[in-house]
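Enquirer: I would like the atomic coordinates for the input below:
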Amino acid sequence: MISRRPLLSCRPGLLIGVSLLCLGSAHAQIAAPPPVAPAPEAPIALDTITVTSTKTEESAIDALSGTSVVTREQIRRLQPSRLSDVLRDVPGVTTQENQNDPAQAINIRGLQDFGRVNMLVDGARQDFQTSGHSANGVFYLDPELVGGIDITRGPTSTIYGSGAIGGVVAFRTRSIDDILTPDETAGAVQKWGFGTNGQRFLNSTALGARIGTAADVFGQFVYRNNTPYRDGIGNLVRDTGNELTSGLAKFNVRPADGHEVSGTALIQNFDFANNGSSNAGARFANAVQADTYTLGYRFARPDVPLIDLSAKGYYTTTHNTLTFLSDTASGLYGNLGVRAGNQINYDIDTSGFDIHNTARFDTWGASHALTLGGDMVFDSVRTTDRAGGFGSAFTPSGERNLAGAFVQDEMRYASWLRVIGALRYDRYDLSGGAYRSSGDRLSPKITVGVSPFAGIEFYATYAEGYRAPSITETLVQGIHPFPAFNILPNPTLRPEVAHTIEGGINLKYGDVVQPGDVLRAKLNVFNNIVDDYINISPVGPTYFVPAIPGIPASVCARLPGRFPCVIPVQSLQYLNIAQAELSGVEIEGAYDWGGGFVSLAATHTDGRNKATRETLLTVPPDRISATLGLRFLDERVTVGSRLTFVDSRLDVPAGTTILATKAYALVDFFASYRVDDRIRADVIVQNAFDKRYTQYLNLLPSPGLTAKAALSIKFATR
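Expert: Numbers count the residues shown, from 1 in each chain. Just a heads-up that it's a prediction; the model follows:
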């Protein structure tokens, strides 16, 4: 059941580190709560609880950082087949994807690839990466499995993991609280989805049961089948379909007051074909299995304020089997010895743990939430290549260990001053073949928030982040087949160090125009200077190769059309740039008046090599998105529209294979109808005016007009 949560007034005097919550309870819950129902959807996502900024619970509007939350209701409203459909409404966040592949990369404030953005699924790091002409760091997760997304932009989340100089994106998979109300003991939600333009069929079955307040179990099965889509002018985009079979299982056990043991098992199997849009005509089939397992423990009770202990261990593995197909046996790859049936296997395993405790106490009129903890991550990459050695050259095998420890104090004085100070120590060790590298560093953070008047808070932050070189950046070594050039290893790479200055304003008001309405808004301005930024760069002398394989330049010159007959190339190597500078502005706001809602998100980012002033390839164009929704029939019917405006990106760096993109505007229409508490129908029309466009950094044009419909039915017992 979706209904608006009433607005409650804030109360002063909370313990430090537990920010004011103005929706629902006025106090942040520090004890492991008994099973609760799907809480009525907050009218505005910024009022939803976040933990990525400081590891202590607070609403996103109260976070002294660029923090946003995507709720399950937002995901359900948009019926996304990829998470990029949802994340484009988050300021400062974009995605890169190859539409032949359901994997996605996340870009925050112009930073992506090789762990610059820490992507978590139920607290487990997703460090999968294979090198090619697309993103260098992707993850697999179907949006139907997601219960919410918690995002903090920039390295201000100092204590949330090594390497996250771009930020943290934490995905929560669905749980029993997403399908059962407090008085329901067992139940299931069955959903079917259908669509046009490649959106063939979706089945989602979720079920759960509670054993009093002592335990609960949850399971979900998802099957999705997509076929190739057509772009905005009707062209079929080959091999853009895929098939997913996935299972999710969760349990929570509460053996005694304040104690909770939880576990998650997520298995996803993707099958798809890749037409080699950037692989010199190669075509191959992919079978990907992406698994995540977690086991956690928490102890928290209000009567024990010095202990709020959380510990989690996890294991993630992504296995990608790439099989060359029959029509690859000839042509360029065939001439290089690749034959139908040849395989490349990529196995990336990540295991780790995170443990921390928050102690709450008062000193000299100030309240504190003191958090101490540590984490370790172990990455293992194994590439088995039976197709000519290209896979093992560009995604080399190796090991990398990351370890960190941190301390953070959140202090509140009266109702107008907050100060957050943190210090993190990181160390890494990397090995592969004959190469070894290691390093360590201390990274500080200080944030000051001042609230001179009720409903408004100003903050300023200085934070540093530390990213160790990845296995690929350090060890990659091989010959690119065409145009032919060397890629050289660099075991002397230095880690990246980010220095961020950020300022912001949080606005939080109610009863603005009429009783019961809610206004929330955040403005963030940032400047991030990254020392020793790692970028692939040409090295050594320039030489020339034929532009068309097997055709001499003398013959090429007589062919019709305008294209180069020879291409200048150099060897490439990952090198440290002295400094990269990224700066920008982010705006996020929403207003809900009961009969409807409106939201706005806007992003401007600029990023350059500070010495040469050349633009950085991964900086996305400016973007504005707005959503308007209206509610009718006692809020059982919602209709609305989403508008997205994206500027052009014409100043791409010289020598890159990424193409400049034109500006475009997209219009979506959506509607939902709640027949009763058990039955719900959703409809959305995406790209309603059939616009042909290609998102910056993507290889292929995006889908044209696409309509989707879904029906959900709930069964439950009390």
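
Enquirer: stretch 633-650: end-to-end distance?
Expert: End-to-end distance for stretch 633-650: 47 Å, by CA to CA, to the nearest Å.

Enquirer: now do the buried residues in it.
Expert: Residues of stretch 633-650 classed as buried: 636, 638-642, 644, 646-647, 649 (neighbour count, 16 or more other CB atoms under 10 Å). All C-beta atoms are positioned from the backbone trio N, CA, C, and that covers glycine.

Enquirer: for those residues, which two are the farthest from each other?
Expert: The span of the buried residues of stretch 633-650, defined through CB to CB, is set by 636 and 649 at 42.2 Å.

Enquirer: tell me where this protein has helices.
Expert: Ranges of helices within the chain are 72-78, 84-87, 331-335, 390-394, 471-475, 553-556, based on DSSP state H.

Enquirer: looking at the ones you listed, which has the lowest confidence?
Expert: Lowest mean pLDDT of those: helix 331-335, a mean of 50.

Enquirer: correct me if wrong: residue 408 contacts residue 159.
Expert: Yes. Applying CB atoms under 8 Å, one finds residue 408 in contact with residue 159, separated by 5.3 Å.

Enquirer: any common contacting residues for those two?
Expert: Shared contacts of residue 408 and residue 159, defined by CB atoms under 8 Å, 6 or more residues apart in numbering, comprise 54-55, 371, 422.

Enquirer: put together a markdown table for these, with distance to residue 542 and pLDDT on each row.
Expert: Formatted as a markdown table, the shared contacts of residue 408 and residue 159 follow (distance: CB to CB, whole Å; pLDDT from 0 to 100):
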| residue | distance to residue 542 | pLDDT |
| --- | --- | --- |
| 54 | 50 | 86 |
| 55 | 50 | 87 |
| 371 | 53 | 95 |
| 422 | 47 | 94 |
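
Enquirer: looking at these, spot the one nearest residue 240.
Expert: residue 55 (39.1 Å).

Enquirer: tell me who's in contact with that closest one.
Expert: Residue 55 makes contact with 159-160, 356, 358, 371, 373, 408, according to CB under 8 Å, 6+ apart.

Enquirer: by neighbour count, which of those residues wins?
Expert: residue 358 (27 neighbours; other CB atoms under 10 Å).

Enquirer: I figured that one was touching residue 406, is that so?
Expert: No. Between residue 358 and residue 406 there is no contact under CB under 8 Å: 11.9 Å.

Enquirer: hey, what's in contact with both of these two?
Expert: residue 371.

Enquirer: what about residue 144, how many residues nearby?
Expert: Neighbours of residue 144 using other CB under 10 Å come to 25.

Enquirer: before we move on, the earlier item: and which of the shared contacts of residue 408 and residue 159 is nearest residue 205?
Expert: Each of the shared contacts of residue 408 and residue 159 was checked against residue 205 using CB to CB; the closest is residue 55, at 33.6 Å.

Enquirer: as TSV, the shared contacts of residue 408 and residue 159 with distance to residue 148 would be great.
Expert: Compiled in TSV, these are given as follows (distance: CB to CB, whole Å):
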residue	distance to residue 148
54	18
55	17
371	22
422	25
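
Enquirer: out of these, which is nearest to residue 342?
Expert: Minimum distance to residue 342 across the shared contacts of residue 408 and residue 159 is 46.5 Å, recorded for residue 55 (CB to CB).

Enquirer: roughly how far apart are residue 284 and residue 229?
Expert: Distance of residue 284 to residue 229, given as CB to CB, to the nearest Å: 20 Å.

Enquirer: equivalent analysis for residue 590, please.
Expert: Noted for residue 590: a distance of 31 Å to residue 229, by CB to CB.

Enquirer: how about residue 343?
Expert: From residue 343 to residue 229 the distance is 28 Å (CB to CB).

Enquirer: all strands for the stretch 351-500 of the chain, in order.
Expert: For the stretch 351-500 of the chain, the strands defined by DSSP state E, counting those that start in this stretch cover 366-385, 398-413, 417-432, 435-453, 456-467, 478-480, 485-488, 496-510.

Enquirer: I should have written the stretch 501-650 of the chain there, sorry.
Expert: Under DSSP E, counting those that start in this stretch, the stretch 501-650 of the chain gives strands at 518-546, 566-592, 596-609, 623-632, 637-646.

Enquirer: I'd say residue 629 and residue 642 touch.
Expert: No. With contacts counted by CB under 8 Å, residue 629 stays clear of residue 642, the gap being 9.0 Å.

Enquirer: hey, what's in contact with both of these two?
Expert: Between them, residue 629 and residue 642 share the contacting residues residue 670, judged by CB under 8 Å, 6+ apart.

Enquirer: show me where pLDDT drops low in the stretch 551-700 of the chain?
Expert: Low-confidence segments of the stretch 551-700 of the chain (pLDDT under 70): 551-564, 566-568, 655, 657.

Enquirer: least confident of the strands of the stretch 351-500 of the chain, on average?
Expert: When these are ranked by mean pLDDT, strand 478-480 comes last with a mean of 70.

Enquirer: the nearest residue to residue 488 once chain neighbours are set aside: neighbour count?
Expert: Nearest residue to residue 488 in three dimensions, chain neighbours excluded: residue 573, at 4.2 Å (CB to CB, 6 or more residues apart in numbering). Neighbours of residue 573 under the rule other CB under 10 Å: 19.

Enquirer: residue 573 bridge partners, please.
Expert: residue 488, residue 537 (DSSP bridges).

Enquirer: so it makes contact with residue 535?
Expert: No. In this structure residue 573 lies outside contact range of residue 535 using CB under 8 Å: 10.1 Å.

Enquirer: spit out the contact partners of residue 108.
Expert: Applying CB under 8 Å, 6+ apart to residue 108 gives the contacts 92-93, 116-117, 151, 153-154, 166-167, 169.

Enquirer: looking at those residues, which one is closest to residue 527?
Expert: Once CB to CB is applied, the member of the contacts of residue 108 that ends up nearest residue 527 is residue 154, at 10.1 Å.

Enquirer: ok, now which ones touch the closest one?
Expert: Listed by CB under 8 Å, 6+ apart, the contact partners of residue 154 are 65-66, 108-109, 166-167, 463, 500, 502, 526, 528.

Enquirer: let's see that with 7 Å instead.
Expert: By CB atoms under 7 Å, 6 or more residues apart in numbering, residue 154 lies in contact with 66, 109, 167, 500, 502, 526, 528.

Enquirer: same question, residue 209
Expert: Residue 209 makes contacts with 185-186, 216-217, as judged by CB under 7 Å, 6+ apart.

Enquirer: greatest separation within those: which pair is it?
Expert: Checked with CB to CB, the contacts of residue 209 reach their widest spread between 185 and 217, with 11.6 Å between them.

Enquirer: closest one of the shared contacts of residue 408 and residue 159 to residue 138?
Expert: Comparing those against residue 138 with CB to CB places residue 55 closest, at 26.0 Å.

Enquirer: could you list everything the closest residue to residue 223 other than its chain neighbours pairs with in the sheet?
Expert: Closest residue to residue 223 apart from its sequence neighbours, by CB to CB, 6+ apart: residue 203 at 4.5 Å. Beta bridges link residue 203 to residue 192, residue 223, judged by DSSP bridges.

Enquirer: how far off centre is stretch 395-404?
Expert: 21 Å (CA atoms, centre = their mean, to the nearest Å).

Enquirer: again, but for stretch 299-311
Expert: 30 Å.

Enquirer: how about it: buried residues?
Expert: Within stretch 299-311, the residues scored as buried using 16+ other CB under 10 Å are 299-300, 305, 308-310.

Enquirer: and the two most separated of those residues?
Expert: Across the buried residues of stretch 299-311, the longest distance by CB to CB is 15.3 Å; it joins 305 and 310.

Enquirer: follow-up on the earlier one: mind putting the strands of the stretch 501-650 of the chain in JSON lines, distance to residue 101 included?
Expert: As requested, these are exported to JSON lines (distance: least, CB to CB, whole Å):
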{"stretch": "strand 518-546", "distance to residue 101": "21"}
{"stretch": "strand 566-592", "distance to residue 101": "23"}
{"stretch": "strand 596-609", "distance to residue 101": "25"}
{"stretch": "strand 623-632", "distance to residue 101": "23"}
{"stretch": "strand 637-646", "distance to residue 101": "22"}
